[in-house]
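>>> mind looking at a prediction? Sequence and model below.
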Amino acid sequence: MIQAAAFHFVLLTSEGKGTLIKLVYFSRKDSSLESVGNGVQVEEVGLVTSSKKYPILDGKLHFAKFQTSKINECLDFIESKLLHGSCCSHQEISDKKQLLIKATGGGAYKYADLFREKFGIRLDKEDEMDSLVAGANFLLKLRICAVPREAFTYMEGQKDFVQIDASDLFPYLLVSIGSGVSMIKVDGDGKFELVSGTSLGGGTLLGMGMLLTNCQSFDEFLELSHKGDNRNIDMLVRDIYGVTGYSKLGLSATTIASSFGKVSFDNKELKDYKKEDLARSLLRMISNNVAQIAYMNAGHGQLKRIIFGGFFTRGHEYIMETISDGVQYWSKGKAKAMFLRHEGFLGALGAFKSYEKHGLGSLMGHHLTEQSPVASPR
Ligand SMILES: Nc1ncnc2c1ncn2[C@@H]1O[C@H](COP(=O)(O)OP(=O)(O)OP(=O)(O)O)[C@@H](O)[C@H]1O
Ligand SMILES: CC(C)(CO)[C@@H](O)C(=O)NCCC(=O)O
C-alpha cells in the first residue's frame, strides 16, 4: 500500500572515516515494505501494540547495515524502498516542505551533500552521544512479553536474557565499542556523562589485524581468531611463575601476564607465527583492555551493570565471553557485563527516537517502550 509509505521513517548513522553505515526504518503493519531486498540483509523486529489506543505502533523496525566504502549500495537500497520520501506525509511532500532524515555520527556530516544532491533531502543531525544513550535506554526499557529479549549476559558459553526493571535501570555504564571506545555513565533519559574512552577499540583490532594477518575483512579476522591459540603469542603467568601461578596475589597460571609477550623472547619473524594465533591474541588483548577500563569506570564495582554496545561485539561469542570474564575478574563478581541484541544500532535508534521532537512521537513514543510487547525473529 503506497499510502503507508508516509509512515516509514529512515535514518542513518555512520562514523566519520567510518566502517559501517547503520540504517533503521519503521514500517507499518500494512506497509508494502518487504524485509529482504537487493541482496541486503535486513533484520526485523515486530512491534505489536496490545492497546487499541496506539494502533499506529503495529509494525516493524527494520535494521540494515552497509560498509561505508559501499555507500552506493545504501543509496540504492534507500531508493528501492522509497525510504527517501518516507519521513513526511504526502501532504507535506506536496507542500514542498524540505524532507529530512535523521542522522548521527560523522556520516551525518560527511554524506550531507550526497543525500541532498541524490534525493533532495536534508540530513537532520543528531548528537552522537545523545543518540547512543537514547537508543540504549529505548532498548533497555522495552517491556517485553515475548522472547527473545534484548539484553543478555554471556558467561561460560551461556546466553541468559535479562529483563531489567525500568525503575532499577539507572545508573549504568554504557560502553560503546566502535572504532574507538566511549564510556558513558547514564543516570536517566537524557542524563549522562562521558566519563572515559579509549582509542584502543574495534578500529585498532581491525587495523592491526589486517596488518598482522593480511585479512581483508572483520569477518575473515573473526574466522581466523576462532581457530587460534593465544598461548603461543601471549606470555602467561605460568611462563613466569610456573604451573602454580602467582597464587599469593590470586593470579592463576593461565592469566595473561603480557599480551604478545612471548613474541619478544622468540627469535622469529611474522611469517613464523600462525595468523590464527595472532588474531586470537589480538582479540583477547583489545577485549580484555576494554573490560578492564570499563570496570574501573564503573566505580570499581559501584555501577552494577556495564552495558556493551557498538558493532565490535556483534554477537560474537568469544568476544562477549572475554569481556564478561574480564569484568567478572576485575570486579570480583560485583559487576556484570551485559550485551544487547541490537548493539550496533544504538545511535541509529536514538536518532530515530528523536523524531519525537517533531511531534511524530506517536510512532515511537514512551507508550511504546512502556506498553508494547515485542516479538523478534532474530
Ligand atoms: N562488517 C564489519 N565491517 C567492519 N567492521 C566491523 C564489521 N563488523 C564489526 N566490525 C567492528 O566494528 C567496529 C566498528 O563499530 P561501529 O560501527 O559500532 O563503530 P563506528 O560508529 O564506526 O565508530 P565510533 O563509535 O568510534 O564512531 C569496527 O572497527 C570493527 O572492529
Ligand atoms: C571519537 C568517538 C566519540 C567517535 O565515535 C569514539 O571513537 C571515541 O570515543 N574514541 C575514543 C576517544 C578517547 O580516547 O576517549
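Yep, it's here. Ligands and ions are numbered 1, 2, ... in the order given.

>>> make it CA atoms for all contacts and neighbour counts henceforth
OK.

>>> hey, C-alpha coordinates of stretch 73-80 in PDB?
Taking Å, rounded to 0.1, in the frame of the first residue of the first chain, the C-alpha atoms of stretch 73-80 are listed here in PDB:
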ATOM      1  CA  GLU A  73      24.600   0.200  -2.100                       C
ATOM      2  CA  CYS A  74      23.000   2.000   0.800                       C
ATOM      3  CA  LEU A  75      21.700   4.800  -1.500                       C
ATOM      4  CA  ASP A  76      20.200   2.200  -4.000                       C
ATOM      5  CA  PHE A  77      18.600   0.400  -1.100                       C
ATOM      6  CA  ILE A  78      17.000   3.600   0.200                       C
ATOM      7  CA  GLU A  79      15.800   4.400  -3.300                       C
ATOM      8  CA  SER A  80      14.400   0.900  -3.900                       C
END
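
>>> run the chain-centre distance for that stretch.
How far stretch 73-80 lies from its chain's middle: 22 Å, per Cα atoms, centre = their mean, to the nearest Å.

>>> report the buried residues of it.
Under the neighbour-count criterion of 16 or more other Cα atoms under 10 Å, stretch 73-80 has 73, 74, 75, 77, 78 buried.

>>> give me the lowest-pLDDT entry from these.
Note: of the buried residues of stretch 73-80, the lowest pLDDT belongs to residue 78, at 83.

>>> in a markdown table, list the buried residues of stretch 73-80 along with distance to residue 116 and secondary structure.
A markdown table is the format used below for those (distance: Cα to Cα, whole Å; DSSP: H, G, I helix; E, B strand; the rest coil):
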| residue | distance to residue 116 | secondary structure |
| --- | --- | --- |
| 73 | 17 | helix |
| 74 | 15 | helix |
| 75 | 12 | helix |
| 77 | 16 | helix |
| 78 | 14 | helix |
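
>>> so which of those residues are also by ligand 2?
Filtering the buried residues of stretch 73-80 for proximity to ligand 2 by Cα under 6 Å from any ligand atom leaves nothing.

>>> which positions in the stretch 51-200 of the chain make contact with ligand 2?
Checking the stretch 51-200 of the chain against ligand 2 by Cα under 6 Å from any ligand atom, the hits are 179, 180, 181, 182, 196, 197, 198, 199.

>>> contact partners for the fourth one?
The reference is to residue 182. Residues in contact with residue 182 (Cα atoms under 8 Å, 6 or more residues apart in numbering) are 174, 175, 176, 194, 196, 197, 198.

>>> restricted to buried residues, select the residues you listed in PyMOL.
The PyMOL selection below is limited to those of those classed as buried (16+ other Cα under 10 Å):
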select buried, resi 174+175+176+197
